[in-house]
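Trainee: What follows is a predicted protein model with its sequence.
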Amino acid sequence: MDKYTLLQQYFGHSSFRPGQETLIDALLDGHDALGVMPTGAGKSMCYQIPALLLPGVTLVISPLISLMKDQVMALCQAGVPAAYLNSSLSYNQYCEALRRACNGAYKIIYVAPERLTTPGFLHFAEISDISLIAVDEAHCVSHWGQDFRPSYLHIPDFVDQLSRRPVVAAFTATATKEVRADIVRLLRLREPTSVTTGFDRENLFFSVEHPKDKLPRLLQLLAERRGKSGIVYCATRVNVERVCQALLDHGFEATRYHAGLDDAERRMNQEDFSYDRKPIMVATNAFGMGIDKSNVSFVIHYNMPKNLESYYQEAGRAGRDGGPADCILLFSNGDVHTAQFLIQNSNENSELSPEDQAALQKRDLARLDEMTAYCRTQFCLRAHILRYFGERCADVCGNCSNCQGKFQEIDVTDQTETVLKCIQTVENRYRQGFSIYTYVSLLHGSKNKAVEAFQMTELPVFGCLSRVPEKDVRELLEQLKLQGILTEEQDGPYRNLVLGPAADEVLRYGQQVRIRQRLQAAPSPKGAAQLPAGDVDQDLLAALKALRSRLAAEAQVPAYVVFSNATLEDMAAKMPQNLTEFLQVSGVGAAKAHKYGHDFLETIRAYQKKA
């Protein structure tokens with residue numbers, strides 16, 4: 001059986017997505033591989049197809065219990081013998097799964113990295129024919145990745161203990177050039193075939209909003225998406241609790257997820273979300289990196305994440321089925337303070353030396369600057385993300401709030417000169433730096449603790465931009481930061497606003513400074529997943545979804561595990577009349593056709609007779 005036959009038989013697809021075939025061929029030829037592919041691009045297929053063709057068993061190392069359960073559930077539904085070994089199993093369940101694994105019952109086994117060094121698993125590894133090891137979320141091996149996990153550093157030692165080294169593959173959705181180099185070095189990949197398919201997700205609409213009050217805006221956005229499945233990310237547990245309770249009070253079916261809940265409640269809440277009993281999940285970043293739920297139609301960030309890697313990965317939970325989806329970030333200046341506090345008080349990397357911890361914190365603060373720049377840019381949001389990951393792209397995507405908004409360019413040269421001379425005056429007077437917040441107050445002529453403590457009201461520059469609204473003064477300083485005219489320097493726990501590398505061109509050579517000013521906001525996204533699906537009969541689609549829900553409940557699996565929304569839409573468009581035609585629907589493999597084909601064909605025929 002070849003790879004194309006397996007692709008159709010088990011997964012119901014007639015062709016591979018970009019990058020998949022190159023990585024699959026490399027693994028089948030015995031070469032290590034590194035795949036950097038965005039969420040929803042089909043990374044799992046790159047090791048699942050080789051796993052079915054290679055002898056013995058494939059190990060998939062993942063830190064994510066939720067991903068393991070979702071993937072194994074989907075594989076078993078497709079007719080692939082698979083299992084997972086992690087802390088969610090009881091001792092007896094773990095022993096039974098390990099016994100069956102030793103007897104060759106599975107083709108694919110998912111395992112947490114912490115399990116690799118346990119005696120029972122090492123015994124299994126010694127007696128088993130392991131042909132392939134796939135490391136998922138491989139960026140976790142790098143100190144510079146957004147989710148560094150020390151347990152990942154033990155993976156190459158585990159590989160070295162095996163009597164025969166299997167092929168090793170690493171996969172991630174978000175990795176800068178530096179992190180990709182770390183993955184190859186730290187996992188000891190041998191001349192890997194590397195594929196980076198591009199980070200763009202064309203089906204995602206990106207939007208950044210700056211509401212005065214976030215909660216009413218969130219409620220409005222959710223009201224426009226009633227009945228749709230989505231995630232609301234918050235930066236802290238306190239916000240998760242507050243926001244989730246507010247949603248419940250306003251009649252939304254929502255649940256919550258954060259590290260402060262006990263394991264049983266987290267499992268129950270995650271299942272409620274996965275099975276669509278509670279379509280809205282309010283969570284910290286403890287939730288979602290490995291969620292394989294395909295019908296998430298929106299991701300709303302109530303708070304700004306600490307870096308673009310985390311943001312893009314979390315936003316990428318939306319639209320996994322390829323349908324249009326919204327990624328909305330509600331930004332406030334307070335988000336920056338919260339992120340700085342979380343970075344400066346993190347103990348996640350306590351195993352590192354003080355020098356490495358200091359370097360990592362500096363890097364994290366620099367990445368926070370990039371994240372903040374994304375929230376404040378007046379230019380294409382998609383281009384900002386793609387260029388951060390080193391990808392060339394057009395200046396305008398047409399599918400983000402900035403590209404759809406209306407702007408005008410205004411000359412702020414005089415105001416910029418005033419700002420720069422103010423900073424020079426303050427530095428010469430006090431021989432120390434001050435925060436952007438102090439400069440906003442000083443320029444506008446308002447008082448804060450620093451202004452009063454240092455008697456800045458007596459300076460000639462106090463209130464020199466008093467005729468400009470305070471929020472516009474702040475926006476001006478932020479825009480000057482984006483142009484490199486101003487910058488921020490770290491001073492212990494504080495960040496001081498100072499002249500940037502481009503300031504000299506303005507002060508000495510009179511370079512003109514222009515910024516973009518928004519004239520009209522972009523049309524508020526009303527729920528991209530509600531857009532009409534081409535020639536799909538919506539009444540038939542509703543009937544197919546109702547059938548899917550019933551079959552999912554009977555099988556005790558989430559609805560998307562039966563068939564994704566995209567598969568149902570293709571089914572409604574093609575209206576197959578027999579099993580042969582049913583197998584031509586995208587996402588329908590042989591096992592699912594045998595299991596569900598009769599019921600769906602009957603529903604289609606009944607609908608056609610009624611119509």
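Mentor: On my side now, so go ahead. Numbers count the residues shown, from 1 in each chain.

Trainee: Next up, the contacts around Ile367.
Mentor: No, residue 367 isn't Ile; it's Arg. Neighbour list for Arg367: 146, 306-309 [criterion: CB atoms under 8 Å, 6 or more residues apart in numbering]. Any C-beta I mention is one placed from the backbone N, CA and C, and that applies to glycine too.

Trainee: when you check those against the helices, which ones overlap?
Mentor: 308-309 (DSSP state H).

Trainee: Would you check how far apart the residue in the chain sticking out farthest from the centre and Thr418 are?
Mentor: For the chain, the residue at maximal distance from the C-alpha centroid (CA atoms, centre = their mean) is Glu458, at 48.7 Å. Between Glu458 and Thr418 the distance is 18 Å, computed by CB to CB, to the nearest Å.

Trainee: Equivalent analysis for Ala566, please.
Mentor: Distance from Ala566 to Thr418, by CB to CB: 55 Å.

Trainee: Just the residues contacting stretch 262-276, thanks.
Mentor: 66, 70, 88, 229, 255-257, 261, 277-281, 287, 291, 293, 295, 549, 552, 558-559.

Trainee: Off-centre distance for the helix or strand containing Glu96?
Mentor: Glu96 is part of helix 91-102 when elements are defined by DSSP states H and E. Offset of helix 91-102 from its chain centre (CA atoms, centre = their mean, to the nearest Å): 33 Å.

Trainee: which residues touch it?
Mentor: 57, 83-85, 89, 106, 109, 120-121, 123-124, 127-128.

Trainee: how much space between Lys449 and Pro113?
Mentor: 47 Å.

Trainee: what about the two, which has more around it?
Mentor: Neighbour count, other CB atoms under 10 Å: between Lys449 and Pro113, Pro113 has more, with 22 against 10.

Trainee: which residues touch that one?
Mentor: 61, 63, 149, 151-152, 154-155.

Trainee: same question, Ser346
Mentor: 361, 364.

Trainee: which SSE is it in?
Mentor: Applying DSSP H and E, one finds Ser346 in no helix or strand.

Trainee: quick one: pLDDT of it?
Mentor: Reading off the confidence values, Ser346 has pLDDT 74.

Trainee: Roughly how far does it sit from Ala590?
Mentor: Taken as CB to CB, the span from Ser346 to Ala590 is 48 Å.

Trainee: And Ile436, by the same measure?
Mentor: 61 Å.

Trainee: With Asn402 instead?
Mentor: 46 Å.

Trainee: Checking the residue nearest to Pro460 when sequence neighbours are not counted next. Helix, strand or coil?
Mentor: In space, and not counting its chain neighbours, Pro460 is closest to Thr425: 7.5 Å by CB to CB, 6 or more residues apart in numbering. Secondary structure state of Thr425, per DSSP: H, G, I helix; E, B strand; the rest coil, is helix.

Trainee: which residues touch Thr425?
Mentor: Contacts of Thr425 (CB under 8 Å, 6+ apart): 459-461.

Trainee: Most neighbours among the residues you listed, which one?
Mentor: Those, ranked by neighbours (other CB under 10 Å): first place Val461, 20 neighbours.

Trainee: I'd guessed that residue sits against Lys421; true?
Mentor: Yes - if you go by CB atoms under 8 Å, Val461 and Lys421 touch, sitting 7.1 Å apart.

Trainee: counting contacts, what elements does the helix or strand of the chain with the lowest mean pLDDT pack onto?
Mentor: In the chain, the helix or strand scored least confidently by mean pLDDT, DSSP states H and E is strand 514-520, which has a mean of 81. Here strand 514-520 touches strand 406-411, going by 3 or more CB pairs under 8 Å, 6 or more residues apart in numbering; DSSP states H and E.

Trainee: Show me what the strand it packs on is in contact with.
Mentor: Residues contacting strand 406-411 (CB under 8 Å, 6+ apart): 378, 512-520.

Trainee: Quick check: mean pLDDT of it?
Mentor: 88.

Trainee: That strand to strand 514-520, inter-axis angle?
Mentor: 150 degrees (axes from the mean of the first three to the mean of the last three CA atoms, to 10 degrees).

Trainee: Restrict strand 406-411 to CA atoms and write it as CSV.
Mentor: Output in CSV follows, covering the C-alpha atoms of strand 406-411 (Å, rounded to 0.1, in the frame of the first residue of the first chain):
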residue,chain,number,x,y,z
LYS,A,406,-9.4,54.0,6.5
PHE,A,407,-6.3,56.1,7.4
GLN,A,408,-4.7,59.4,6.6
GLU,A,409,-1.1,60.4,6.8
ILE,A,410,-0.4,63.5,8.9
ASP,A,411,2.8,65.5,9.4
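
Trainee: Now do the contacts for Gly12.
Mentor: 567, 583, 585-589, 592-593.

Trainee: In helices only, show me these.
Mentor: 567, 592-593.

Trainee: can I assume Cys234 is in contact with Val282?
Mentor: Yes - counting by CB under 8 Å, Val282 is a contact partner of Cys234 at 6.5 Å.

Trainee: any common contacting residues for these two?
Mentor: Common contacts of Cys234 and Val282 (CB under 8 Å, 6+ apart): 240, 243.

Trainee: higher neighbour count, the two?
Mentor: Neighbour count, other CB under 10 Å: between Cys234 and Val282, Val282 has more, with 32 against 23.

Trainee: so that one bridges to which residues?
Mentor: For Val282, the beta-bridge partners are Val232, Arg256 (DSSP bridges).

Trainee: Give the burial count for Ser62, as a bare number.
Mentor: 25.

Trainee: Once you drop chain neighbours, what's closest to it?
Mentor: Nearest to Ser62 is Asp136, by CB to CB, 6+ apart, at 4.3 Å.
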